[in-house]
Every structure is written in C-alpha cells, then in structure tokens.
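A.B. asks: Give me a model of this one.
(one chain, ligands or ions: 2)
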Amino acid sequence: MNLFASERDIKPIHLPLEDGDVTYYPAFLSQEEASEYYNILFTETDWQQDDIKIFGKIYPQPRLTALYGDTTKSYSYSGITMFPKPFTPTLSAIKNKIEDLMGIQFTSVLLNLYRDGTDSNGWHSDDEKELGNQPIIASLSLGATRMFHLKHKYTTSKSYKLPLEAGSLLIMKGNTQHNWKHQIPKTKKKVDSRINLTFRIIKNDERN
Ligand SMILES: O=C(O)CCC(=O)C(=O)O
Ligand SMILES: [Fe+2]
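C.D. replies: Ligands and ions are numbered 1, 2, ... in the order given. Down below sits the predicted model:
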C-alpha cells in the first residue's frame, strides 16, 4: 500500500535514556522513498575506505564512508581528516526534508555503507570539538535493518538496543554524546547492505 507521509505513523518514540536525548521516527520516509534513495546513493556516492588509528595501530575502517557538505568545513575523527564534496541534489533533497521536520540546518552529512554483516561501527561518541558542546545528529537509515546499541559511559549497567529500519530517522542531541556511546555491531546473520546518513553541524571555518 502506498501511504502519504501524513497517513503513515511518523510519530516519534523518545528512548527512555536518562541524561541523553534520543528520538526515533520509525517511518520518516516511505518504503518506496527509502528504497529509491538507497539505489541512487549506492551508485552516485563517492565511497572510500579510510584507514583509522586505534591505540596507535592502523586498520582499514570496516565500512565505506563519504563526506558531503559545506566545503569549507573539514571533519576529523579517529586520526583521519575528511574533506567534503559539495552536496548533491539528492543529498540536498534529503537534508531539506529533515530540516523541515527539525527546524534547524545542517552543514554536512557523513555517509556510511555497511556492505554486509562483517561491516560495523565500533563503540564511540560523536563528540569531536567541531560538533560543538551538544551535538545534534540526525541519522537516516536505508537498506538492511541493523541493530543500534547504546551504552552509558559511566553506569555500564545501563544500555539500550533498537533495530534501525529502512526509512527511519534517529535524532541524538542534548547530552547524549557526553554520557552515552553507540555502535553498529557486526552480525553473523546474513544481511544485505545498509546505507546510513548522519547529518551534522560542523562549526569550524578553516578553508581547505
Ligand atoms: O550507522 C549508523 O546508524 C550509525 C553511524 C554512526 O554512529 C556515525 O557515523 O557516527
Ligand atoms: Fe556515531
């Protein structure tokens, strides 16, 4: 069935995290829109595999990535610095739709391609100084469903898991990055590939 956004259940679910602020919109995009964007982004994105440094050792990142956005704003994490390509019409259209919902504007989007269950994103907080003190991150999922794990940094018994479905939008803000880490774990299940887009506000102003 083809439902318009107004008829779909786009109601937000607030995760019951103390000292964090995470909201999940299960059907931000329709299944048709989600698969159309997945197909376009899979082929049109300039995917790269960077090496990252963990405790002084160099590893290839276990997924492909790409950075698009305001070309004056580079982004550094895990020992790598990424320089953005300008937003494409596809990415601008998605960005506008998220900005209409949230009433704020993003400068950049980091895309992740998880090719199969062996690709992953290890425990981290998105707390780079370029993102400011209380980063706002809007994370759109396309393609295969993967689990998203959150764990508290200081009270390790506190944790939360949810499946991120195609077309869903997850918003992290407030003190989430101060108090919580998140990951996309590897899975032994046979899963298709997944694309994730994390829209961010990068505050540096250096010209590259
Ligand atoms: O793939 C995801 O849903 C999470 C991506 C993520 O945490 C990141 O890029 O910082
Ligand atoms: Fe993250």
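A.B. asks: ok, now how distant is residue 176 from residue 154?
C.D. replies: According to CB to CB, to the nearest Å, residue 176 stands 14 Å off from residue 154. In short, each C-beta sits where N, CA and C put it, glycine included.
A.B. asks: In contact with residue 133, which residues are there?
C.D. replies: Applying CB atoms under 8 Å, 6 or more residues apart in numbering to residue 133 gives no contacts.
A.B. asks: In three-state terms, label it for me.
C.D. replies: coil (DSSP: H, G, I helix; E, B strand; the rest coil).
A.B. asks: Next one: it from residue 70, what distance?
C.D. replies: 20 Å.
A.B. asks: Residue 17 too?
C.D. replies: Distance check for residue 17 against residue 70: by CB to CB, it reads 30 Å.
A.B. asks: can you check residue 31 too?
C.D. replies: 31 Å.
A.B. asks: same question, residue 173
C.D. replies: Taken as CB to CB, the span from residue 173 to residue 70 is 20 Å.
A.B. asks: before we move on, the earlier item: and residue 17 and residue 70? which has more neighbours close in?
C.D. replies: A count of neighbours by other CB atoms under 10 Å puts residue 17 above the other of residue 17 and residue 70, at 19 against 16.
A.B. asks: Show me what from the protein comes close to ligand 1.
C.D. replies: 110, 112, 121, 126, 139, 148, 164, 182, 184, 196, 198 (CB under 6 Å from any ligand atom).
A.B. asks: How far off centre is the host helix or strand of the second one?
C.D. replies: According to DSSP states H and E, residue 112 maps onto strand 108-114. Between the mean C-alpha point of strand 108-114 and the mean C-alpha point of its chain there is a distance of 6 Å (CA atoms, centre = their mean, to the nearest Å).
A.B. asks: can you check stretch 160-169 too?
C.D. replies: For stretch 160-169, the distance to the chain centre is 11 Å (CA atoms, centre = their mean).
A.B. asks: Can you list the buried residues in that stretch?
C.D. replies: 160, 162, 164-169 (16 or more other CB atoms under 10 Å).
A.B. asks: among those residues, which are in strands?
C.D. replies: 160, 162, 164, 169 (DSSP state E).
A.B. asks: Could you find the closest non-adjacent residue to the third one?
C.D. replies: Looking back up the chat, that one is residue 164. For residue 164, ignoring the flanking residues on the chain, the nearest one in space by CB to CB, 6 or more residues apart in numbering is residue 141 at 4.3 Å.
A.B. asks: Tell me how far that neighbour lies from residue 25.
C.D. replies: 11 Å.
A.B. asks: All the helices of this protein, residue numbers only.
C.D. replies: Secondary structure of the chain (DSSP state H): helices located at 31-44, 89-102, 176-179.
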